[in-house]
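J.: Kindly return the folded structure for what I paste below:
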Amino acid sequence: MKSDLHEIFTPEKKKIIELLVEKKAYPVCSKTGKIFFLKTGRDDSFEALKEKIIERLGLKTEEDCKSVREIIKAELAKRRKTKPIRKWIKEERPREMLIKHGSETLTPAKLLAIILMTGSEGVSAEDLARRILNHFGSLRAIDSASILDLQAIEGIGEAKAAQIKAALEIGKRLMREEAEKKTKIRTVKDVVEYVCDYYAPYLRDKEKEFFNIILLDGRNKVIDNIELSKGSVSASVVDVKEIIKEATKKTASAIIMVHNHPSGEAEPSNEDIEITRRVVEACSLMGIKVLDHIVIGKNKKDYVSFMDKGLIKGV
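T.: Here you go, the predicted structure:
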């Protein structure tokens with residue numbers, strides 16, 4: 001087949017090809033001879049037409065499908081409004097800019113473009129990155145989005161969504177590594193810094209409450225971090241016996257409690273105060289110190305330390 005649909009197709013077939021171009025739907029033949037279409041997102045109206053499309057275009061083999069794919073790509077290339085990044089001048093390409101000037105000099109869109117690597121039909125990787133940022137509003141909002149939320153953006157398939165989530169997860173794990181470098185936790189400031197680095201990136205945007213405990217040895221060095229419960233939008237169910245069990249199992253000398261408030265308001269509730277009192281009493285009987293209880297809100301500055309507020313007596 002030639003690649004000019006206006007010369008080689010009847011009016012009916014031209015309309016079908018125009019539809020495939022509009023939907024960015026590429027015909028493919030499987031090893032078993034089944035014809036299907038590769039496209040982004042589900043479109044029920046297109047699904048209802050695909051068998052008729054296959055029949056009217058006479059698609060029977062992979063060679064037939066390949067010829068139509070070439071025509072679709074050629075038509076999309078004609079309509080492309082932006083150049084692919086590889087055709088930009090070298091000084092404007094995100095990857096080359098990062099290598100020459102450093103990652104800290106790049107805008108979020110350029111950094112995200114490097115992660116995406118390629119754009120979609122008619123859209124460069126940087127344009128696609130801007131589309132994502134404009135839709136979600138911030139990198140933090142993108143981090144909170146699910147794979148399916150990301151795939152709702154035109155041009156983002158499962159692979160690109162996974163690339164984005166993986167890159168953001170690396171950033172959060174870097175913060176955890178920083179927290180784990182702390183050899184000892186001596187003061188309220190140490191506790192807050194540890195919790196903000198280790199937990200906040202994961203908990204501050206959760207829609208449910210998560211209750212965790214940090215286990216420490218006799219020198220106040222962290223032994224382990226344990227998630228005890230995942231509750232509702234307003235509360236998490238905490239079993240005091242479970243806290244004691246985990247602490248004694250790891251022979252912890254002290255614990256720090258951590259939980260988030262999905263509302264974003266970090267001020268402790270009456271229930272928070274009561275469960276803390278019960279945990280302190282139970283741990284005291286077992287010779288285990290409760291160093292603090294931190295409630296995490298929406299932002300780094302939004303937290304409450306029970307020790308700092310005098311809700312736990314110094315030990």
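J.: Buried residues in stretch 273-285, which are they?
T.: 275-276, 279-280, 282-283 (16 or more other C-beta atoms under 10 Å). C-betas here are computed from N, CA, C, even on glycine.
J.: Make CSV from these and add pLDDT to it.
T.: Listed next are the buried residues of stretch 273-285 as CSV, based on pLDDT from 0 to 100:
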residue, pLDDT
275, 93
276, 94
279, 95
280, 95
282, 95
283, 95
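J.: Where does pLDDT dip in the stretch 151-300 of the chain?
T.: Across the stretch 151-300 of the chain, the ranges flagged by pLDDT under 70 are 232-236.
J.: And the helices in it, which stretches?
T.: 158-180, 188-198, 200-203, 240-249, 270-285 (DSSP state H, counting those that start in this stretch).
J.: Adding distance to residue 135 as columns, could you present those helices in a markdown table?
T.: Formatted as a markdown table, the helices of the stretch 151-300 of the chain follow (distance: least, C-beta to C-beta, whole Å):
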| stretch | distance to residue 135 |
| --- | --- |
| helix 158-180 | 12 |
| helix 188-198 | 28 |
| helix 200-203 | 21 |
| helix 240-249 | 41 |
| helix 270-285 | 36 |
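J.: All the strands of the stretch 1-150 of the chain, residue numbers only.
T.: Using DSSP state E, counting those that start in this stretch, the strands of the stretch 1-150 of the chain run over 26-29, 35-38.
J.: Ranking those by mean neighbour count, which comes first?
T.: Sort the strands of the stretch 1-150 of the chain by mean neighbour count, taking mean count of other C-beta atoms under 10 Å, and strand 26-29 sits at the top with a mean of 18.
J.: okay, it in PDB with CA atoms only?
T.: Taking C-alpha atoms only, strand 26-29 is exported to PDB below (Å, rounded to 0.1, in the frame of the first residue of the first chain):
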ATOM      1  CA  TYR A  26      -3.400   0.800  15.100                       C
ATOM      2  CA  PRO A  27      -4.500  -2.500  13.700                       C
ATOM      3  CA  VAL A  28      -2.400  -5.500  14.700                       C
ATOM      4  CA  CYS A  29      -2.500  -9.200  13.800                       C
END
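J.: thinking again about what came up before, and the strands of the stretch 1-150 of the chain as CSV, adding mean pLDDT?
T.: As requested, the strands of the stretch 1-150 of the chain are exported to CSV (pLDDT from 0 to 100):
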stretch, mean pLDDT
strand 26-29, 92
strand 35-38, 91
